[in-house]
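[1] what's the 3D shape of this:
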Amino acid sequence: MNEEQQRLNEYNAGKKNWLQWGCYLSERQWGTVREDYSAGGDAWNYFPHHQAISRVYRWGEDGIAGISDEQQYLCFALCMWNGKDPILKERLFGLTNGEGNHGEDVKELYYYLDNTPTHSYMKYLYKYPQAAFPYNDLLTVNAGRSKLEPEYELLDTGIFNENKYFDITTEYAKADTDDILIRITICNRADEAATLHLLPTLWFRNTWKFGLTKEKVSMALQDDGVSIKTQHEKLEDYYFYFQQADKVVFTENKNNKKLLWGNADKHPCRKECFSLCTHTK
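    All right, here's what the predicted structure looks like:
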(Lines give C-alpha, C1' and ligand atoms only; values in the text may rest on other atoms or scores of the structure.)
Protein backbone atom coordinates (compact mmCIF):
# COMPACT_ATOMS: atom_id res chain seq x y z
CA MET A 1 0.00 0.00 0.00
CA ASN A 2 1.50 3.34 -1.06
CA GLU A 3 1.09 6.65 0.77
CA GLU A 4 -1.69 7.88 -1.50
CA GLN A 5 -3.71 4.73 -0.85
CA GLN A 6 -3.23 5.30 2.88
CA ARG A 7 -4.57 8.84 2.48
CA LEU A 8 -7.59 7.53 0.58
CA ASN A 9 -8.27 4.95 3.28
CA GLU A 10 -8.06 7.65 5.97
CA TYR A 11 -10.51 9.80 4.03
CA ASN A 12 -12.96 6.96 3.34
CA ALA A 13 -12.86 5.95 7.01
CA GLY A 14 -13.69 9.51 8.06
CA LYS A 15 -10.39 9.91 9.92
CA LYS A 16 -8.89 12.72 7.83
CA ASN A 17 -10.46 15.04 5.28
CA TRP A 18 -7.77 14.94 2.62
CA LEU A 19 -10.22 16.54 0.17
CA GLN A 20 -10.74 19.70 2.24
CA TRP A 21 -8.36 21.52 -0.15
CA GLY A 22 -8.00 20.93 -3.86
CA CYS A 23 -8.09 22.36 -7.37
CA TYR A 24 -11.70 23.50 -6.96
CA LEU A 25 -11.13 27.04 -8.19
CA SER A 26 -12.66 27.69 -11.59
CA GLU A 27 -10.44 29.20 -14.28
CA ARG A 28 -13.42 31.01 -15.73
CA GLN A 29 -16.39 32.09 -13.65
CA TRP A 30 -17.30 35.11 -15.80
CA GLY A 31 -19.75 34.69 -18.69
CA THR A 32 -21.27 31.44 -17.38
CA VAL A 33 -24.67 30.41 -16.07
CA ARG A 34 -23.14 30.22 -12.58
CA GLU A 35 -22.94 34.01 -12.45
CA ASP A 36 -26.10 34.84 -14.38
CA TYR A 37 -28.67 36.63 -12.23
CA SER A 38 -29.96 38.80 -15.05
CA ALA A 39 -33.67 39.46 -15.47
CA GLY A 40 -33.81 37.72 -18.85
CA GLY A 41 -31.36 34.87 -18.35
CA ASP A 42 -28.73 36.32 -20.69
CA ALA A 43 -25.84 34.30 -19.27
CA TRP A 44 -23.36 34.91 -22.07
CA ASN A 45 -23.55 38.69 -21.93
CA TYR A 46 -24.49 39.39 -18.32
CA PHE A 47 -20.98 39.07 -16.87
CA PRO A 48 -18.33 39.65 -19.60
CA HIS A 49 -14.58 39.21 -19.20
CA HIS A 50 -13.77 42.93 -19.10
CA GLN A 51 -15.96 43.31 -15.99
CA ALA A 52 -14.32 40.45 -14.11
CA ILE A 53 -11.47 42.55 -12.72
CA SER A 54 -13.92 45.04 -11.17
CA ARG A 55 -17.02 43.02 -10.34
CA VAL A 56 -17.65 40.70 -7.39
CA TYR A 57 -18.72 37.13 -8.10
CA ARG A 58 -21.58 35.61 -6.17
CA TRP A 59 -21.37 31.84 -6.47
CA GLY A 60 -17.70 31.19 -7.14
CA GLU A 61 -14.30 32.63 -7.97
CA ASP A 62 -11.74 32.10 -10.69
CA GLY A 63 -7.97 32.16 -11.04
CA ILE A 64 -4.94 30.62 -12.75
CA ALA A 65 -3.44 27.45 -11.22
CA GLY A 66 -5.61 28.05 -8.18
CA ILE A 67 -6.85 26.05 -5.21
CA SER A 68 -9.51 26.56 -2.55
CA ASP A 69 -11.32 24.79 0.25
CA GLU A 70 -14.29 22.58 -0.63
CA GLN A 71 -16.81 25.43 -0.26
CA GLN A 72 -14.52 27.93 -1.97
CA TYR A 73 -14.45 30.38 0.91
CA LEU A 74 -10.66 30.89 0.87
CA CYS A 75 -8.85 30.90 -2.46
CA PHE A 76 -5.27 31.08 -3.73
CA ALA A 77 -4.11 31.59 -7.31
CA LEU A 78 -1.43 33.19 -9.44
CA CYS A 79 -1.48 36.75 -10.66
CA MET A 80 1.19 38.09 -13.00
CA TRP A 81 2.09 41.00 -15.24
CA ASN A 82 4.54 41.24 -18.13
CA GLY A 83 4.69 45.03 -17.92
CA LYS A 84 2.81 45.40 -21.20
CA ASP A 85 -0.71 44.07 -20.66
CA PRO A 86 -3.43 46.63 -19.89
CA ILE A 87 -4.53 44.53 -16.90
CA LEU A 88 -2.98 41.97 -14.60
CA LYS A 89 -3.26 38.38 -15.79
CA GLU A 90 -5.50 36.95 -13.07
CA ARG A 91 -7.80 34.60 -14.99
CA LEU A 92 -8.02 32.88 -18.35
CA PHE A 93 -9.32 34.88 -21.30
CA GLY A 94 -11.74 33.44 -23.80
CA LEU A 95 -14.74 34.04 -26.00
CA THR A 96 -18.36 33.75 -24.95
CA ASN A 97 -20.88 31.71 -26.94
CA GLY A 98 -21.74 34.64 -29.19
CA GLU A 99 -18.15 35.82 -29.70
CA GLY A 100 -16.57 32.61 -30.98
CA ASN A 101 -17.26 31.29 -34.46
CA HIS A 102 -17.66 27.84 -32.86
CA GLY A 103 -19.14 29.04 -29.58
CA GLU A 104 -17.41 29.67 -26.27
CA ASP A 105 -13.72 28.88 -26.06
CA VAL A 106 -10.74 29.73 -23.85
CA LYS A 107 -7.87 31.31 -25.79
CA GLU A 108 -4.87 30.46 -23.62
CA LEU A 109 -2.11 27.86 -23.32
CA TYR A 110 -2.22 25.91 -20.04
CA TYR A 111 -1.67 22.31 -19.00
CA TYR A 112 -2.68 20.10 -16.08
CA LEU A 113 0.46 18.04 -15.51
CA ASP A 114 -0.33 15.99 -12.42
CA ASN A 115 -2.94 15.45 -9.69
CA THR A 116 -3.41 12.65 -7.18
CA PRO A 117 -6.91 11.51 -6.10
CA THR A 118 -6.63 13.32 -2.75
CA HIS A 119 -4.96 16.38 -4.32
CA SER A 120 -1.92 15.62 -2.17
CA TYR A 121 0.16 16.67 -5.18
CA MET A 122 -0.90 18.97 -8.02
CA LYS A 123 1.10 20.44 -10.89
CA TYR A 124 0.02 23.04 -13.45
CA LEU A 125 1.81 24.83 -16.30
CA TYR A 126 0.77 28.20 -17.74
CA LYS A 127 2.47 29.84 -20.74
CA TYR A 128 2.46 33.62 -20.46
CA PRO A 129 3.52 35.77 -23.46
CA GLN A 130 6.07 38.52 -22.95
CA ALA A 131 4.32 40.80 -25.44
CA ALA A 132 0.95 42.40 -24.70
CA PHE A 133 -1.77 39.74 -24.67
CA PRO A 134 -3.81 40.02 -27.93
CA TYR A 135 -7.26 40.42 -26.37
CA ASN A 136 -8.76 42.54 -29.15
CA ASP A 137 -7.11 40.56 -31.94
CA LEU A 138 -8.65 37.31 -30.71
CA LEU A 139 -12.07 38.94 -30.44
CA THR A 140 -12.15 40.67 -33.82
CA VAL A 141 -10.65 37.90 -35.94
CA ASN A 142 -12.91 35.20 -34.51
CA ALA A 143 -15.93 37.48 -34.90
CA GLY A 144 -15.17 37.80 -38.60
CA ARG A 145 -14.95 34.06 -39.24
CA SER A 146 -17.83 31.79 -40.20
CA LYS A 147 -18.72 28.48 -38.60
CA LEU A 148 -17.11 26.72 -41.56
CA GLU A 149 -13.71 28.31 -40.89
CA PRO A 150 -11.22 27.20 -38.22
CA GLU A 151 -10.97 29.06 -34.96
CA TYR A 152 -8.33 31.75 -34.51
CA GLU A 153 -6.23 30.53 -31.61
CA LEU A 154 -3.62 32.19 -29.42
CA LEU A 155 -0.81 30.42 -31.29
CA ASP A 156 -2.13 31.85 -34.57
CA THR A 157 -1.49 35.40 -33.36
CA GLY A 158 2.29 34.82 -33.47
CA ILE A 159 2.73 35.99 -29.90
CA PHE A 160 4.85 32.91 -29.07
CA ASN A 161 7.22 33.44 -31.98
CA GLU A 162 10.91 33.36 -31.06
CA ASN A 163 9.90 31.70 -27.78
CA LYS A 164 9.20 35.04 -26.16
CA TYR A 165 7.14 33.70 -23.28
CA PHE A 166 7.41 32.46 -19.71
CA ASP A 167 6.71 28.94 -18.51
CA ILE A 168 5.11 29.29 -15.08
CA THR A 169 4.82 26.01 -13.21
CA THR A 170 2.86 25.78 -9.96
CA GLU A 171 3.12 22.78 -7.66
CA TYR A 172 1.15 21.96 -4.51
CA ALA A 173 2.14 19.24 -2.02
CA LYS A 174 0.24 18.42 1.16
CA ALA A 175 2.24 17.73 4.30
CA ASP A 176 -1.13 17.17 6.00
CA THR A 177 -4.78 17.87 5.29
CA ASP A 178 -4.43 21.58 6.11
CA ASP A 179 -0.70 22.02 5.54
CA ILE A 180 0.04 22.75 1.90
CA LEU A 181 3.41 23.62 0.39
CA ILE A 182 3.42 25.77 -2.75
CA ARG A 183 6.27 26.09 -5.23
CA ILE A 184 6.17 28.45 -8.23
CA THR A 185 8.88 28.04 -10.88
CA ILE A 186 9.31 30.59 -13.67
CA CYS A 187 11.38 29.95 -16.77
CA ASN A 188 12.09 32.56 -19.44
CA ARG A 189 12.05 30.66 -22.75
CA ALA A 190 13.42 33.57 -24.77
CA ASP A 191 17.08 34.19 -25.57
CA GLU A 192 17.06 37.60 -23.92
CA ALA A 193 16.19 38.86 -20.46
CA ALA A 194 12.59 39.80 -19.71
CA THR A 195 10.74 41.09 -16.65
CA LEU A 196 7.83 39.34 -14.98
CA HIS A 197 5.96 40.72 -11.97
CA LEU A 198 4.51 37.92 -9.84
CA LEU A 199 1.69 38.54 -7.36
CA PRO A 200 0.53 35.28 -5.71
CA THR A 201 -2.92 36.14 -4.37
CA LEU A 202 -4.88 34.90 -1.36
CA TRP A 203 -8.48 36.03 -1.01
CA PHE A 204 -11.94 35.30 0.34
CA ARG A 205 -14.99 34.87 -1.85
CA ASN A 206 -17.38 37.70 -1.00
CA THR A 207 -20.13 35.76 0.78
CA TRP A 208 -21.02 38.57 3.21
CA LYS A 209 -22.33 40.85 0.46
CA PHE A 210 -25.00 38.32 -0.51
CA GLY A 211 -25.89 37.21 3.02
CA LEU A 212 -24.30 33.77 2.65
CA THR A 213 -22.24 34.42 5.79
CA LYS A 214 -22.96 36.73 8.71
CA GLU A 215 -19.54 38.02 9.61
CA LYS A 216 -17.05 39.80 7.42
CA VAL A 217 -13.71 38.06 6.99
CA SER A 218 -10.26 39.36 7.91
CA MET A 219 -6.68 39.02 6.76
CA ALA A 220 -3.77 40.50 8.70
CA LEU A 221 -0.04 40.63 8.09
CA GLN A 222 1.77 39.24 11.13
CA ASP A 223 4.69 40.86 12.95
CA ASP A 224 7.19 38.52 11.27
CA GLY A 225 6.39 40.16 7.91
CA VAL A 226 6.23 36.82 6.11
CA SER A 227 2.86 35.42 7.15
CA ILE A 228 -0.81 36.37 6.97
CA LYS A 229 -3.49 35.23 9.38
CA THR A 230 -6.95 34.61 7.90
CA GLN A 231 -10.23 34.42 9.81
CA HIS A 232 -13.61 33.24 8.49
CA GLU A 233 -16.67 32.07 10.38
CA LYS A 234 -16.91 28.88 8.29
CA LEU A 235 -13.22 27.94 8.51
CA GLU A 236 -10.48 27.49 11.04
CA ASP A 237 -7.92 30.26 11.37
CA TYR A 238 -5.25 29.72 8.73
CA TYR A 239 -1.76 31.13 8.26
CA PHE A 240 -0.26 31.82 4.85
CA TYR A 241 3.54 31.84 4.89
CA PHE A 242 5.77 33.17 2.13
CA GLN A 243 9.34 34.18 1.38
CA GLN A 244 10.27 37.80 2.06
CA ALA A 245 8.39 39.83 -0.54
CA ASP A 246 9.16 43.23 -2.04
CA LYS A 247 5.71 44.36 -0.92
CA VAL A 248 2.59 42.88 0.67
CA VAL A 249 -0.59 44.61 -0.48
CA PHE A 250 -4.23 44.28 0.56
CA THR A 251 -7.57 45.34 -0.91
CA GLU A 252 -11.27 44.47 -0.58
CA ASN A 253 -13.20 42.01 -2.73
CA LYS A 254 -15.59 44.83 -3.59
CA ASN A 255 -17.35 46.11 -6.73
CA ASN A 256 -16.14 49.24 -8.49
CA LYS A 257 -19.64 50.67 -8.73
CA LYS A 258 -18.60 53.83 -10.53
CA LEU A 259 -16.73 52.01 -13.28
CA LEU A 260 -19.36 49.30 -13.74
CA TRP A 261 -22.61 51.18 -13.37
CA GLY A 262 -21.75 54.86 -12.98
CA ASN A 263 -22.75 54.93 -9.33
CA ALA A 264 -20.92 57.12 -6.83
CA ASP A 265 -18.34 55.09 -4.91
CA LYS A 266 -15.50 56.65 -2.97
CA HIS A 267 -14.23 53.44 -1.39
CA PRO A 268 -10.50 53.23 -2.30
CA CYS A 269 -10.03 49.47 -1.86
CA ARG A 270 -11.90 47.84 -4.71
CA LYS A 271 -11.41 44.47 -6.37
CA GLU A 272 -9.30 45.75 -9.28
CA CYS A 273 -7.20 48.09 -7.14
CA PHE A 274 -3.86 46.46 -8.06
CA SER A 275 -4.70 46.04 -11.73
CA LEU A 276 -5.64 49.69 -12.25
CA CYS A 277 -2.69 50.98 -10.21
CA THR A 278 -0.28 48.86 -12.24
CA HIS A 279 -1.74 50.10 -15.50
CA THR A 280 -1.49 53.77 -14.55
CA LYS A 281 2.11 53.35 -13.46
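[2] Identify the residues contacting the residue positioned nearest the centre of the chain.
    The chain has residue 63 as the residue nearest its centroid, 1.1 Å off, counting by Cα atoms, centre = their mean. For residue 63, the contact set (Cβ atoms under 8 Å, 6 or more residues apart in numbering) comprises 25, 27, 75, 76, 77, 78, 79, 90, 91, 201. The way it works is simple: take the backbone N, C-alpha and C, and place the C-beta from them, glycine included.
[3] so the first one makes contact with residue 72?
    If I follow you right, that is residue 25. Yes - with contacts counted by Cβ atoms under 8 Å, residue 25 reaches residue 72, the gap being 6.8 Å.
[4] intersection of neighbour lists for these two?
    Counting by Cβ under 8 Å, 6+ apart, the residues touching both residue 25 and residue 72 are residue 61.
[5] For the stretch 101-250 of the chain, which segments count as strands?
    105-106, 110-115, 121-129, 165-176, 179-188, 197-198, 201-204, 218-221, 227-231, 238-241 (DSSP state E, counting those that start in this stretch).
[6] Quick one, which of those gets closest to residue 85.
    Nearest to residue 85, of all the strands of the stretch 101-250 of the chain, is strand 121-129, at 8.8 Å by Cβ to Cβ.
[7] low pLDDT regions in the chain?
    In the predicted model of the chain, residues 276-281 satisfy pLDDT under 70.
[8] dump the residue contacts of the nearest residue to residue 265 once chain neighbours are set aside.
    Leaving out its chain neighbours, the residue that sits closest to residue 265 by Cβ to Cβ, 6 or more residues apart in numbering is residue 257, at 3.9 Å. When contacts are counted by Cβ under 8 Å, 6+ apart, residue 257 touches 263, 264, 265.
[9] now those: which count as buried?
    Taking 16 or more other Cβ atoms under 10 Å as the criterion, nothing in those is buried.
[10] ok, now how distant is residue 74 from residue 142?
    36 Å (Cβ to Cβ, to the nearest Å).
[11] The two: which is more packed in?
    Of the pair residue 74 and residue 142, residue 74 is the one with more neighbours under other Cβ atoms under 10 Å, namely 22 against 19.
[12] okay but the more buried one is in contact with residue 235, surely?
    Yes - using Cβ under 8 Å, residue 74 is in contact with residue 235, at 6.1 Å.
[13] If we ignore the residues flanking it in sequence, what's nearest residue 49?
    residue 30 (5.4 Å).
[14] Can you tell me how far the one you found is from residue 205?
    14 Å.
[15] now do residue 71
    Counting by Cβ to Cβ - residue 71 and residue 205 are separated by 9 Å.
[16] Give me the more crowded residue out of the two.
    Ranked by neighbour count (other Cβ under 10 Å), residue 71 and residue 205 place residue 205 first, with 27 against 14.
[17] check contacts around that one.
    Residue 205 sits in contact with 57, 60, 61, 72, 73, 74, 75, 253, where contact means Cβ under 8 Å, 6+ apart.
[18] Out of those residues, which is nearest to residue 177?
    Distances from residue 177 to these, taken by Cβ to Cβ, are shortest for residue 74, at 14.3 Å.
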